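Undergrad: The sequence isn't on hand, but the structure is:
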């Protein structure tokens with residue numbers, strides 16, 4: 001089997017309120033891998049808010065040239081070919097997103113060729129992965145926060161994550177307190193700083209929240225500063241989570257060695273695809289660190305189901321109903337791993353026509 005072509009394009013997806021208060025749109029940079037065996041693979045990277053999607057698409061097109069004529073089932077070799085191409089461009093940021101989209105598409109072909117869902121190809125440990133409801137952006141009113149949290153709880157989620165973006169730690173505490181009161185003791189909360197604080201401010205904010213028994217305190221410092229994140233982790237009693245803006249196993253190795261986090265959160269659309277995310281997960285397992293993949297639950301469930309140290313997948317309920325076919329549903333607070341070959345996701349029949357840019 002050989003790759004005959006790779007179609008690359010971007011979908012612009014408007015979001016609905018309340019998410020649209022902070023992020024009016026997302027973009028998917030799509031790579032469709034075509035083969036001479038009649039099997040196609042769907043890859044994509046979710047670009048939150050859309051910023052930089054043009055650059056991601058451009059670099060994905062450059063890497064795609066390297067794959068035409070190759071055997072798509074030799075995913076590891078092709079991943080290495082892409083990763084080692086253009087030595088002056090590290091595979092982080094834009095380049096990491098681009099490589100991820102292609103790697104995901106290759107694995108989709110490989111799974112279809114084997115007739116197996118990816119989780120089973122990788123040695124699944126479960127067929128059902130628990131989820132946490134996620135959102136709570138800074139522009140939300142308290143009523144928005146409570147309404148969103150209760151929607152997730154109605155789907156069975158026993159965990160909810162909200163942002164703490166106010167510069168006043170007391171204001172953030174009041175928002176957390178209001179949500180906790182509304183959802184009750186049966187639901188545990190996480191909070192997300194989103195890299196908005198320095199070390200001292202992150203420590204002060206965490207100490208103002210320690211009595212809420214939070215599951216984790218996310219991205220307290222810039223992703224470029226693992227030493228700062230580790231300093232926060234040592235100083236507070238809430239477990240730290242980070243990693244959505246880290247891209248390679250080498251970056252995650254440093255986080256682990258510094259003791260910077262108890263939960264690592266690679267994003268398969270950023271961390272150089274399924275191939276590197278699985279390596280990150282195995283590295284974390286060797287150090288008794290839990291894995292909780294970032295967003296794109298429809299893809300992340302395969303990674304989480306294949307690794308014994310997985311904790312939860314992130315569920316952001318933003319996707320319009322006509323974007324995907326085969327999207328797993330959250331039932332009883334968990335996702336059942338698709339049993340279709342590959343990752344099991346396809347674009348809706350009219351999605352490309354409706355959402356494609358250009």
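TA: Here it is on my side, so go on. What you see is a predicted model; the values in this text were computed from it and never measured.

Undergrad: can I see the domain layout of the protein?
TA: 3-115+349-355, 120-346 (automatic domain parsing).

Undergrad: Show me the helices in the protein, by range?
TA: Using DSSP state H, the helices found in the chain span residues 53-64, 75-83, 94-114, 118-121, 142-154, 169-183, 199-207, 226-235, 249-257, 273-286, 297-306, 351-355.

Undergrad: In JSON lines: these, plus distance to residue 133.
TA: In short, each C-beta sits where N, CA and C put it, glycine included. Converted to JSON lines, these look like this (distance: least, CB to CB, whole Å):
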{"stretch": "helix 53-64", "distance to residue 133": "26"}
{"stretch": "helix 75-83", "distance to residue 133": "32"}
{"stretch": "helix 94-114", "distance to residue 133": "24"}
{"stretch": "helix 118-121", "distance to residue 133": "22"}
{"stretch": "helix 142-154", "distance to residue 133": "3"}
{"stretch": "helix 169-183", "distance to residue 133": "10"}
{"stretch": "helix 199-207", "distance to residue 133": "22"}
{"stretch": "helix 226-235", "distance to residue 133": "25"}
{"stretch": "helix 249-257", "distance to residue 133": "25"}
{"stretch": "helix 273-286", "distance to residue 133": "22"}
{"stretch": "helix 297-306", "distance to residue 133": "11"}
{"stretch": "helix 351-355", "distance to residue 133": "24"}
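
Undergrad: For residue 325, which of those helices is the nearest?
TA: Proximity to residue 325 (CB to CB) singles out helix 351-355 among these, at 8.7 Å.

Undergrad: Mind listing residues that contact the closest one?
TA: 9, 11, 12, 13, 28, 30, 322, 323, 324 (CB atoms under 8 Å, 6 or more residues apart in numbering).

Undergrad: Check which residues of it are buried.
TA: 351, 355 (16 or more other CB atoms under 10 Å).

Undergrad: Same question for stretch 195-213.
TA: 195, 196, 197, 199, 201, 202, 203, 205, 206, 208, 209, 212.

Undergrad: Do I have it right that the fourth one meets residue 231?
TA: Yes. In terms of CB atoms under 8 Å, residue 199 counts as a neighbour of residue 231; the distance is 5.2 Å.

Undergrad: Quick check: phi and psi at the most centrally placed residue in the chain.
TA: Nearest to the mean C-alpha position of the chain, by CA atoms, centre = their mean, lies residue 294 at 2.7 Å. The phi/psi pair for residue 294 (degrees, to the nearest 10) reads phi -90, psi 130.

Undergrad: thinking again about what came up before, now the two most distant members of the contacts of helix 351-355.
TA: 9 and 322 (17.0 Å).

Undergrad: Have a look at these two and say which one is more surrounded.
TA: Neighbour count, other CB atoms under 10 Å: between residue 9 and residue 322, residue 9 has more, with 18 against 13.

Undergrad: Check that one and give its pLDDT.
TA: Listed pLDDT for residue 9 reads 98.

Undergrad: Can you name the residues bridging to it?
TA: Under DSSP bridges, the beta-bridge partners of residue 9 are residue 30.
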